[in-house]
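*Asks:* Okay, structure incoming, though there's no sequence with it:
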């Protein structure tokens with residue numbers, strides 16, 4: 001689906017030697033409106049017809065090339081599509097020369113091909129220079145139509161490609177220079193490029209879209225884009241308001257109905273179906289839209305009907321022409337319990353799609369399905385790493401990291417999980433109790449003793465009134481002092497006991513277990529007097545406990561034996577160790 005749009009030009013100024021001094025309405029406005037309405041095939045047909053009537057009109061050439069790039073929908077165009085648009089622009093450049101519109105069009109191709117960003121900007125600066133106004137009030141100023149076209153190509157470029165700040169700066173400079181002489185188009189592209197720079201610029205984007213509304217209140221697009229921003233914030237009241245305003249401005253605007261369909265698809269299938277029908281009614285007529293009917297059937301729980309329709313589309317249109325059909329088939333097979341088929345389809349989609357066309361929910365599905373098959377976790381982690389590298393939004397990166405560490409935890413790959421959670425936490429930036437608890441827990445499970453000891457000490461220092469830091473301290477000490485004879489576990493247990501003794505009634509069993517751990521330590525080190533003292537501690541909590549009384553009796557005998565041995569009277573008698581005391585007394 002085509003999501004990024006620019007409207008028609010309304011100010012005609014000098015460009016390539018021609019001049020106009022008054023605002024007007026471009027004869028190409030209808031074609032650009034079709035792009036706005038995501039009717040990309042209709043837009044392509046419109047510009048093709050206009051071009052046949054005036055094949056040297058470079059503005060028309062630019063928009064026809066952009067319509068070629070838009071034909072497949074949102075995201076990164078395919079290599080085949082980019083080559084097709086590139087050949088068209090190159091042919092026009094050879095025929096006409098370095099016209100500003102053609103330079104902007106080729107710059108879009110360069111961005112998509114990964115050409116150095118500074119080289120692209122040099123071409124764009126040349127376009128701005130050659131198209132600057134030569135007469136009248138705005139003499140020497142950049143042509144706002146060309147600036148708007150620059151804003152458009154960056155708005156159409158995936159987030160991770162190109163310098164969207166450059167587009168924002170150029171648009172703002174031109175808006176400032178022309179003030180009321182520019183229309184809604186520049187503000188629309190300004191808002192989109194702000195969003196491309198990251199979610200933290202949402203406020204600036206809303207301001208830009210609001211200004212577009214002020215200049216063109218009948219334009220549904222800026223209302224819609226504001227609604228989308230509020231939808232990402234789960235602000236239903238606000239996005240409902242702006243979606244309704246978009247519909248009031250133009251009830252034939254398809255994107256708003258699709259957005260509402262997606263929102264309601266999982267929780268109100270009736271409302272979802274109403275909006276889906278309105279979307280299909282107003283969108284370009286295309287058999288591939290039947291995928292949304294198949295999607296609706298899946299969300300409505302009609303899995304057999306959804307699968308049947310999806311398989312029919314696979315036969316008639318094919319997955320290469322409709323890649324997301326593979327995702328829908330994977331969902332259906334997963335729901336029907338056929339993990340092998342589900343794995344085949346989701347793997348095919350993930351492996352053949354560019355990063356900008358794979359959503360977080362696609363990765364979630366892939367992890368859910370593929371991790372059922374042993375040995376795939378490393379490959380899935382590599383896929384998630386690519387997604388993290390390609391996505392510039394912090395919130396999205398956090399979701400990918402979370403998918404990764406949760407998958408590794410379920411597979412008992414705790415050492416790898418620890419690394420992923422560390423990256424997640426570094427990006428998240430908050431060392432709250434959740435951070436300490438999760439990090440300590442993973443470190444203990446991974447048997448990373450040094451890490452577990454370090455983080456548990458930090459935990460206790462940061463949250464001294466919380467019990468879990470002390471508990472993890474003891475667990476970390478057990479990883480280090482496996483024989484309970486070095487004093488590390490002894491120290492940790494005593495630190496925990498200081499905390500537990502603040503509420504003896506609540507922590508009774510934990511104290512008993514710790515006293516038995518200390519009994520085990522004193523038994524190993526033959527400090528029997530101390531072992532007896534710990535037995536007394538246990539007996540204070542559970543008077544007349546037979547096991548503890550028996551242990552105390554043996555320790556008392558050992559004390560006597562050692563005493564006699566020192567006096568030279570012990571003979572061959574040696575103190576007897578108390579069995580199993582090092583494990584603690586449970587229950």
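*Replies:* Perfect, thanks for sending it. Predicted, not measured: the structure shown is a model, and the values here were computed from it. Numbering: from 1, shown residues only.
*Asks:* now for the strand or helix carrying residue 537, which elements pack on it?
*Replies:* Assigned by DSSP states H and E, residue 537 belongs to helix 528-541. For helix 528-541, the elements it packs on are helix 508-524, helix 546-566, judged by 3 or more Cβ pairs under 8 Å, 6 or more residues apart in numbering; DSSP states H and E. The way it works is simple: take the backbone N, C-alpha and C, and place the C-beta from them, glycine included.
*Asks:* got JSON lines for those, with mean pLDDT too?
*Replies:* Output for the helices and strands packed on helix 528-541, formatted as JSON lines (pLDDT from 0 to 100):
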{"stretch": "helix 508-524", "mean pLDDT": "94"}
{"stretch": "helix 546-566", "mean pLDDT": "91"}
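*Asks:* In a markdown table, list the ones you listed along with mean neighbour count and distance to residue 30.
*Replies:* Shown next, in a markdown table, are the helices and strands packed on helix 528-541 (neighbours: other Cβ atoms under 10 Å; distance: least, Cβ to Cβ, whole Å):
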| stretch | mean neighbour count | distance to residue 30 |
| --- | --- | --- |
| helix 508-524 | 22 | 76 |
| helix 546-566 | 16 | 90 |
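*Asks:* Any chance of a markdown table for those, columns distance to residue 206?
*Replies:* Formatted as a markdown table, the helices and strands packed on helix 528-541 follow (distance: least, Cβ to Cβ, whole Å):
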| stretch | distance to residue 206 |
| --- | --- |
| helix 508-524 | 53 |
| helix 546-566 | 69 |
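*Asks:* and residue 274, which of these is closest to it?
*Replies:* Nearest to residue 274, of all these, is helix 508-524, at 58.2 Å by Cβ to Cβ.
*Asks:* Can you check what angle separates the closest one from helix 528-541?
*Replies:* Angle of helix 508-524 versus helix 528-541, following axes from the mean of the first three to the mean of the last three Cα atoms, to 10 degrees, is 160 degrees.
*Asks:* and helix 508-524, how far from the chain's centre?
*Replies:* Helix 508-524 sits 47 Å away from the centroid of its parent chain (Cα atoms, centre = their mean, to the nearest Å).
*Asks:* Just want the angle from it to helix 546-566.
*Replies:* Going by the same axes, to 10 degrees, helix 508-524 is angled at 20 degrees with respect to helix 546-566.
*Asks:* tell me which strands and helices helix 508-524 is in contact with?
*Replies:* Helix 508-524 sits against helix 488-500, helix 528-541, with contacts defined as 3+ Cβ pairs under 8 Å, 6+ apart.
*Asks:* Now do the helix holding residue 537, average pLDDT.
*Replies:* In this model, helix 528-541 has an average pLDDT of 95.
*Asks:* how about TSV for the helices and strands packed on helix 508-524, with distance to residue 371 added?
*Replies:* Below are the helices and strands packed on helix 508-524 laid out as TSV (distance: least, Cβ to Cβ, whole Å):
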stretch	distance to residue 371
helix 488-500	35
helix 528-541	46
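*Asks:* Residue 529 contacts residue 560, correct?
*Replies:* No - the criterion here is Cβ atoms under 8 Å, and residue 529 misses it with residue 560 at 11.5 Å.
*Asks:* Next, the buried residues of stretch 466-476.
*Replies:* Buried residues in stretch 466-476, defined by neighbour count with 16 or more other Cβ atoms under 10 Å: 467, 468, 469, 470, 471, 472, 473, 474, 475, 476.
*Asks:* right, so of the helices and strands packed on helix 528-541, which gets closest to residue 98?
*Replies:* helix 508-524 (79.4 Å).
*Asks:* The closest one to helix 488-500, inter-axis angle?
*Replies:* Per the same axes, to 10 degrees, the angle that helix 508-524 makes with helix 488-500 is 150 degrees.
*Asks:* Excluding residues flanking it in the chain, which one is nearest the spatially most central residue of the chain?
*Replies:* Per Cα atoms, centre = their mean, the C-alpha nearest to the average position across the chain is that of residue 396, at 1.7 Å. Excluding the flanking residues, the one nearest residue 396 by Cβ to Cβ, 6 or more residues apart in numbering is residue 360, at 6.2 Å.
*Asks:* Could you check how far that neighbour is from residue 117?
*Replies:* Note on residue 360: its distance to residue 117, by Cβ to Cβ, to the nearest Å, is 27 Å.
*Asks:* Just give the closest residue to residue 438, not the sequence neighbours.
*Replies:* Spatial nearest neighbour of residue 438, excluding adjacent residues (Cβ to Cβ, 6+ apart): residue 421 at 6.2 Å.
*Asks:* do residue 397 as well
*Replies:* Distance criterion Cβ to Cβ, 6+ apart; nearest residue to residue 397, sequence neighbours excluded, is residue 388 at 5.2 Å.
*Asks:* pLDDT wise, what is that neighbour at?
*Replies:* In this model, residue 388 carries a pLDDT of 89.
*Asks:* again, but for residue 141
*Replies:* On the pLDDT scale, residue 141 is placed at 87.
*Asks:* tell me the secondary structure for it?
*Replies:* coil (DSSP: H, G, I helix; E, B strand; the rest coil).
*Asks:* List phi and psi for it.
*Replies:* Main-chain torsions, residue 141, degrees, to the nearest 10: phi -80, psi 150.
*Asks:* is it true that it touches residue 178?
*Replies:* Yes - here residue 141 reaches residue 178: they are 7.0 Å apart, a contact under Cβ under 8 Å.
*Asks:* so who does the residue nearest to residue 396 touch?
*Replies:* 396, 399, 400, 403 (Cβ atoms under 8 Å, 6 or more residues apart in numbering).
*Asks:* Where does the first one fall, secondary structure wise?
*Replies:* So the one you mean is residue 396. Here residue 396, judged by DSSP H and E, is contained in helix 394-410.
*Asks:* Please apply the same query to residue 32.
*Replies:* If you go by DSSP H and E, residue 32 is part of helix 29-36.
*Asks:* Buried residues, that helix. List them.
*Replies:* Buried residues in helix 29-36 (16+ other Cβ under 10 Å): 31, 32, 33, 34, 35, 36.
*Asks:* Show the average pLDDT along it.
*Replies:* pLDDT averaged over helix 29-36 gives 88.
*Asks:* Now residue 518. Nearest residue, chain neighbours left out?
*Replies:* residue 534 (4.8 Å).
*Asks:* So what's the residue count around the one you found?
*Replies:* Residue 534 has 25 neighbours, counted by other Cβ atoms under 10 Å.
*Asks:* Test my guess that it contacts residue 513.
*Replies:* No - with contact defined as Cβ under 8 Å, residue 534 does not count as touching residue 513 (11.7 Å).
*Asks:* per-domain residue ranges of the chain.
*Replies:* 1-182, 481-587 (automatic domain parsing).
*Asks:* picking up where we left off before, possible to save the buried residues of helix 29-36 as TSV with distance to residue 166?
*Replies:* Output for the buried residues of helix 29-36, formatted as TSV (distance: Cβ to Cβ, whole Å):
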residue	distance to residue 166
31	26
32	22
33	27
34	28
35	22
36	23
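*Asks:* Go through those residues and name the one nearest residue 262.
*Replies:* Nearest to residue 262 among the buried residues of helix 29-36, counting by Cβ to Cβ, is residue 36 at 19.2 Å.
*Asks:* Residue 221 is in contact with that closest one, correct?
*Replies:* Yes - counting by Cβ under 8 Å, residue 221 is a contact partner of residue 36 at 5.4 Å.
*Asks:* No further questions, thank you.
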